[in-house]
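J.: Okay, here's the prediction I keep looking at, along with the sequence it came from:
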Number of protein chains: 2
Amino acid sequence: MTSVTIFGAGNMGTAIDSVLSAGGATVDHIRSADPPGPVNGDIVILAVYYPVLKDILATYTDKLAGKTVVDITNPVNTETFDSLLVPADSSAAEELAAALPSSRVLKAFNTTFAGTLSAKSMGPNPTTVLIAGDDDEAKAALISAVQAGGVNALDAGPLRRARELEAMGFLQIKLAAAEQVGWTGGFAVVR
Amino acid sequence: MTSVTIFGAGNMGTAIDSVLSAGGATVDHIRSADPPGPVNGDIVILAVYYPVLKDILATYTDKLAGKTVVDITNPVNTETFDSLLVPADSSAAEELAAALPSSRVLKAFNTTFAGTLSAKSMGPNPTTVLIAGDDDEAKAALISAVQAGGVNALDAGPLRRARELEAMGFLQIKLAAAEQVGWTGGFAVVR
């Protein structure tokens, strides 16, 4: 059975839990107030805001070795709301992979708002999670776990495609903030 | 009446013509083999591959002054097929705007495959053209012309959002090339 640990229990952590639990995965959460303890899941999803990643790395790097680690962040500069905090030719996921050389880092869930994960649909479309990463086995396992929960998942290529996924996630947030799309809408994937 | 000149008559130029003509615009084309002549349209759409932009600039910069100029390119590095040819913190549209200071440059049509423009739908969704630019009047006129032709159009923000639109266009092309989506599919916009 797939075991998943989710850092965070906010909107995204809860929505991801609902999908993976529906697919039969065992899911537990680590909250920011929890004292450092073991990380049970084979798949670890960091459902936190981008600035929190460094705090998790400070405490948990050794415990994440050998695991699949999933970055869902959109590293938006919240002061300007006009760019990302990562270098333009990189991504939060690639930064995380560099900091976790013994983990298998994936990018996923950053292009799906929480509401579209929970509902498993976006307007007339099934919700689709885009997943990028360099480890094909880890990527296939996450795709299977998401699909088992009734949500589509697609291989979006190697981890360097996180740059494009984060650009798309940022644009989607900007469109929602500008009320051009709703928080239950956004970018759907049509096969 | 809206007058439009389209550079190019390939798949995209033809599809854009079909939408704008359906909306009542007068559309003519300038083909690469044509001798340099006048540019009639108030809106000029450069429906060419990215490397051709510099050739158009060499001949037509003065004739584009005062006009709305629409960049539709996805500046993919076709040797590596793994990155864009523009600096990571910029975009083809922003480069074009710098070269055409007397024109009103917009980014549009780079996230909609030709098939989804012609069909005016993508799966169960109406096709939506995302349009970025710094001149609100020019942007509103193009949005109106597209919508008159039966295709949705959304304001995607200032021209610097072209960076994200080009990332999204690139990712969409990569997904289609990898047969993860079809060339009649891709990213739909759900309100």
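T.: Received the coordinates, thanks. Fair warning: this is a prediction, and the values are worked out from it, not measured in the lab. Residues are numbered from 1 along each chain as shown, chains lettered A, B, ... in the order given.

J.: Residue numbers of chain A in contact with chain B?
T.: For chain A, the contact set with chain B under CB under 8 Å from any CB of the partner chain comprises A:82, A:87-89, A:122-125, A:154-157, A:160-161, A:163-165, A:167-168, A:170-171, A:174-175, A:178, A:180-182, A:185-191. In short, each C-beta sits where N, CA and C put it, glycine included.

J.: Among those residues, name the ones in helices.
T.: A:163-165, A:167-168, A:170-171, A:174-175 (DSSP state H).

J.: could those go into TSV alongside pLDDT and neighbour count?
T.: Converted to TSV, those look like this (pLDDT from 0 to 100; neighbours: other CB atoms under 10 Å in any protein chain shown):
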residue	pLDDT	neighbour count
A:Arg163	98	27
A:Glu164	98	28
A:Leu165	98	28
A:Ala167	98	24
A:Met168	98	26
A:Phe170	98	24
A:Leu171	98	25
A:Lys174	98	18
A:Leu175	98	24
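
J.: remind me which residues of chain A are low pLDDT?
T.: For chain A, no stretch is flagged by pLDDT under 70.

J.: show me where it has strands.
T.: A:3-7, A:26-30, A:43-46, A:68-71, A:104-107, A:121-122, A:125-126, A:128-133, A:152-155, A:186-190 (DSSP state E).

J.: quick check, nearest of the ones in helices among the residues of chain A next to chain B to A:Ser144?
T.: A:Leu165 (19.6 Å; CB to CB).

J.: just checking, the closest one touches A:Leu130?
T.: Yes: counting by CB atoms under 8 Å, A:Leu165 touches A:Leu130, with 5.9 Å between them.

J.: any idea how far the residue nearest to A:Asn74 when sequence neighbours are not counted lies from A:Leu130?
T.: Spatial nearest neighbour of A:Asn74, chain neighbours left out: A:Gly169 (4.2 Å); criterion: CB to CB, 6 or more residues apart in numbering or on different chains. A:Gly169 sits 9 Å away from A:Leu130, going by CB to CB, to the nearest Å.

J.: Ok, A:Asp42 next?
T.: Taking CB to CB, one finds A:Asp42 at 21 Å from A:Leu130.

J.: swap in A:Thr116?
T.: 12 Å.

J.: and what of A:Ser32?
T.: 27 Å.

J.: how many other residues sit next to the nearest residue to A:Asn11 once chain neighbours are set aside?
T.: Counting by CB to CB, 6+ apart, A:Ala114 is the residue found nearest to A:Asn11 once chain neighbours are left out, at 4.0 Å. Using other CB atoms under 10 Å in any protein chain shown, A:Ala114 has 19 other residues around it.

J.: Thank you, goodbye.
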